[in-house]
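1. Next one to model:
(3 chains)
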Amino acid sequence: MISSINSAPLERENEYLFGWDPTPGIVSVWAQRDGQAIIWQREGEHVTRTEARFYPWLFASTLDDLTSFRTPPDNVAAASTLRVSQAGRKYPGADRLVNAVPGSGHSNGATIWYRELDGPSDAYRYLIAARDWRTLERAIVSGAARRLDRPIKSLNELEDSYYRVGPVEQYLMYSGRVYFRGLNYEDLHRLQFDLETTALDPHRGRIFLIAIRDNRGLATTLEASTPEDEARLIGALCDLIRERDPDVIENHNLFGFDLPFLEQRARVLGVPLALGRQLPGGRAAVLERLQETLAIGPDARRRTRYSVAGRELIDTLDAVRRHDFVMRDMPSYSLKDVARYFGIASADRVYLEGAAIFDTYRRDPATVRRYALDDVAEVDGLSRRLLGAPFALASMAPRRYERLASAGPAMGILEPMLVRAYLRAGVALPRQGNQQGEAAMHEGGAVHLFATGVAERVVKADVASLYPSLMCTFQIGPARDRLGVLLSILGRLTDLRLAHKVAARTARPGSIEANHHDATQAAMKILINAAYGYMGAGSMALFADSRAADEVTRRGRAILTQVLDALRQHGMALIEADTDGVYFAVPAGWTEEQERALVSKIGAELPEGIHLEYEGRYRAMLSHEVKNYALLTYDSRLIVHGVALRSSRAEPFGERFLRQALLCTMTGDIPGVRKVFLETVAALRSRTLTAADLAARVRLSKTPESYLAIKNTRPEPAYEALLRAGRTRWYPGERVRFYRARGKNNYVWLPEETAETSTSNDWLERNEQDIAVTPEQRGAIAGRRDYDVEHYVRTLVTSYAERLRKAFAPEDFDQLFSPDQPGLFDRPVESIEPVWIRC
DNA sequence: ACTCACCGGGG
DNA sequence: GTGTACGGTGAGT
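-> Predicted coordinates:
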């Protein structure tokens, strides 16, 4: 546990970060506009439901809309009139809402309170609350319509004057409660379900099987053998979910596929989707849909988000996208690929082509059951791998867990925490958008490419958390954050994260404690990294401050410059630098100790609070372009960064050549480069390589129909290869191999050799009659050697050797990668050197 | 050949 | 009721 010193500022900082109400075990909150909140709490395997009242509230920059009519006008319904009243004790913290609206009308009807807050005149200086949100909204809307003398339909049109959040956020911000206090991720009851359907479109297909599992031991399938049985199947799903009573429902693409499909089928069949927990009336909550806009601007997309009382709905696809947003190295976001990427796919996992699932089910239902259960098991694995941090965030930020799992870290998480702090302190909220003197041009981090070529003895050093450290060290926060909440939170997070990192390292690996501390430090990292981005956010962010953000990047560039200057002074050879990190080469004969000593010496000269870290050392580096390089570790692993050094075609012979040539180049073995190149050319010309070595593997995107429509205007090799092989059926998404044989545009399809690559099993069965390919024949095709040799020699040079161009002088490059005999004026290969980057 | 729009996922 | 982007590909000239 993290010890805390009992001091008032620390107490306040903890409240900023974690809220203040100690209620433990909240696993779900449902709040409505009428001021009713329902809270589900878990204690062991027991879940209790309680009800609470809250007073819907918002921040306002003006009271004009509430005071503009003093007596109820004839055309306004009685319900929207105002009655002055003292707030009673029943409202928690009601003392903060005691001022009555002066001189408002008072007929029977609703009560609205307000409190004037401390703050500048252009801020949201009033906190307004009412018994019921609709009362509040109606009063403001009709007041504004009167004041502005035009029809106003909703608060949306008054964004300038009012700041509001959703009902659950209102409840959590006001009460100081958060989710999951005292719970571990393993305590959550999580259930995964996955639909198997006869088509992707619910108008054309139906559900025939549902796999369900949970982390309390359930793993089963529900099935509908006939179309007439589908309604019963949906009912059985709802019953089972209510019986198991999970806190969380999860699946991959839950919001994009399973729930819309389920909703449509339930609608057609007239089955209620009672997936939620029981509400006070005794009825089970029904699935609700909400529209959600993702991103703003030209690329804005809408999606439907679903919600249900009492359970959190989690789409692991969101978590995957977020993970890749940071990592940027995932091949695809499909469940199967992602499971393999994380190493959570089991060895005997069943793979089926999507379009073949239903047919397979009719022949062999057991296989489809296993397949679907493998799916939900992988979703559980993904959840454990990816949702720990959102879980930890939910015990800090005043939002639902399901929202924190996909919310943007700045506007979606950090800002609600700031608003909660201002609400708690009773201080006016700054208004967004009116930033004076728009900072001229925003300059970001510095990127330098100092040298291209090959370096030996390379060290990577970088400044740990550069931007947040600068914010803390120089106390650069948003000018409008009068309470200094952002910097407080940031400082506290930095300390706590360090402690959690240490705790995670000392706990037994894989233990509940280790997972908890690791998830918490990951959550804190998300918030820490969001702090700078939030200041630079657009005008929609309440506390955005582009000048402060510029100040941070300016100081960041200065720090980087200081590091680079120091390295140069010490005679290091700079290679490339980007924002907060640098690659450089050290002199021959240097030891790791010397490298580390240099980094810490330079780091010691940096301002207090800015830490330069020794991140790694490499035997060699090929610098190609900014952010495009290859590294060779001291244990001889090759690491390739950036698209410029990768091949998208991935023909095995080319990949192999590139790896070997990179290794030789980086170890200075230029004869080796020439040798590998000539050997590859020779293997092509002697047809030692087989078709399988040359085949490109691509993913099909067109259906047979759509390809046939454009075949004559734009033939594509992959489809041509299939058609020539007699295959007239395939599925978009299928990956196929093909190679180019002798003869004009003669592309040959190469069936997969083993059954392990799932993609082809199904169509092979379907096409078996059409084309009569036996396993032996498959092997025979893969071993064919009738490829177009000169085409592949050209590919070798233009597509693979090309990636080594920066490593050599132009004439040396041409000589090294000439497939022909040495020319008259060629120099001996032994005398060719790569372009060295040296001290 | 080149630009523009759209998609990514799910059966 | 609120906040990614980037690379690949298809369609349209």
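
2. switch to C-alpha atoms for all contacts and neighbour counts from now on
-> Fine.

3. Are we agreed that residue A:689 is in a helix?
-> No - in this structure, residue A:689 is coil, not part of a helix, as judged by DSSP: H, G, I helix; E, B strand; the rest coil.

4. What sits closest to it if chain neighbours are left out?
-> Residue nearest to residue A:689 in three dimensions, not counting chain neighbours: residue A:683, with 5.7 Å by Cα to Cα, 6 or more residues apart in numbering.

5. Mind telling me what element the one you found is part of?
-> Element membership of residue A:683, judged by DSSP states H and E, is helix A:670-685.

6. Tell me the helix or strand right after that helix.
-> helix A:691-694.

7. Does anything pack onto that next one? Which helices or strands?
-> Judged by 3 or more Cα pairs under 8 Å, 6 or more residues apart in numbering; DSSP states H and E, helix A:691-694 is in contact with helix A:652-666, helix A:775-782.

8. what do you get if the cut-off is 6 Å, keeping everything else the same?
-> Applying 3 or more Cα pairs under 6 Å, 6 or more residues apart in numbering; DSSP states H and E, one finds that helix A:691-694 contacts helix A:652-666.

9. and the helix it packs on with helix A:670-685, angle?
-> Interaxial angle of helix A:652-666 relative to helix A:670-685 (axes from the mean of the first three to the mean of the last three Cα atoms, to 10 degrees): 170 degrees.

10. Buried residues in helix A:652-666, which are they?
-> Using 16 or more other Cα atoms under 10 Å as the test for burial, helix A:652-666 gives A:652-658, A:660-666.

11. from those residues, which single one is nearest residue A:786?
-> Closest approach to residue A:786 among those (Cα to Cα): residue A:653, at 15.6 Å.

12. ok now do the closest one, which residues does it touch?
-> A:693-694 (Cα atoms under 6 Å, 6 or more residues apart in numbering).

13. and the residue in the stretch 1-150 of chain A positioned nearest to DNA strand B, what are its phi and psi?
-> Closest to DNA strand B within the stretch 1-150 of chain A is residue A:28: 26.0 Å, counting by Cα to the nearest atom of the strand. Geometry field for residue A:28 lists phi and psi as phi -160, psi 150, criterion degrees, to the nearest 10.

14. Show me what the closest residue to residue A:258 other than its chain neighbours bridges to in the sheet.
-> In space, and not counting its chain neighbours, residue A:258 is closest to residue A:195: 6.2 Å by Cα to Cα, 6+ apart. Beta-bridge partners recorded for residue A:195 (DSSP bridges): residue A:210.

15. which SS state does the residue of the stretch 501-650 of chain A found nearest DNA strand C fall under?
-> Residue nearest to DNA strand C within the stretch 501-650 of chain A: residue A:540 (3.7 Å; Cα to the nearest atom of the strand). Following three-state DSSP, residue A:540 is assigned to coil.

16. Give me the below-cutoff pLDDT ranges for the stretch 1-150 of chain A.
-> A:1-8, A:67-110 (pLDDT under 70).

17. Nearest to DNA strand C: which residue in it?
-> Of the residues in the stretch 1-150 of chain A, the one nearest DNA strand C is residue A:33, at a distance of 9.6 Å by Cα to the nearest atom of the strand.

18. Kindly report the same for chain A.
-> Closest residue of chain A to DNA strand C, Cα to the nearest atom of the strand: residue A:408 (3.3 Å).

19. Just the pLDDT for that residue.
-> Note for residue A:408: predicted pLDDT of 86.

20. Report how many residues lie close to it.
-> Using other Cα atoms under 10 Å, residue A:408 has 16 neighbouring residues.

21. Residue A:677 versus that one, what's the distance?
-> 48 Å (Cα to Cα, to the nearest Å).

22. same question, residue A:396
-> As judged by Cα to Cα, residue A:396 and residue A:677 stand 58 Å apart.

23. Same question for residue A:37.
-> Look at residue A:37 and residue A:677: by Cα to Cα, they are 71 Å apart.

24. Same check on residue A:417?
-> 59 Å.

25. between the buried residues of helix A:652-666, which is nearest residue A:60?
-> For the buried residues of helix A:652-666, the closest approach to residue A:60 (Cα to Cα) belongs to residue A:655, at 62.0 Å.

26. ranges for the helices of the stretch 451-600 of chain A?
-> Listed in chain order, the helices of the stretch 451-600 of chain A (DSSP state H, counting those that start in this stretch) span A:466-473, A:485-506, A:512-535, A:546-569, A:592-604.

27. Using PDB, list the CA coordinates for the first one.
-> Put plainly, it is helix A:466-473. Output in PDB follows, covering the C-alpha atoms of helix A:466-473 (Å, rounded to 0.1, in the frame of the first residue of the first chain):
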ATOM      1  CA  LEU A 466       9.900  15.100 -20.900                       C
ATOM      2  CA  TYR A 467       6.700  17.200 -21.200                       C
ATOM      3  CA  PRO A 468       5.100  16.300 -17.900                       C
ATOM      4  CA  SER A 469       8.500  16.700 -16.200                       C
ATOM      5  CA  LEU A 470       8.800  20.200 -17.600                       C
ATOM      6  CA  MET A 471       5.300  21.100 -16.500                       C
ATOM      7  CA  CYS A 472       6.100  20.000 -13.000                       C
ATOM      8  CA  THR A 473       9.600  21.400 -12.800                       C
END
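
28. what comes up buried for it?
-> So for helix A:466-473, counting by 16+ other Cα under 10 Å, buried means A:466-472.
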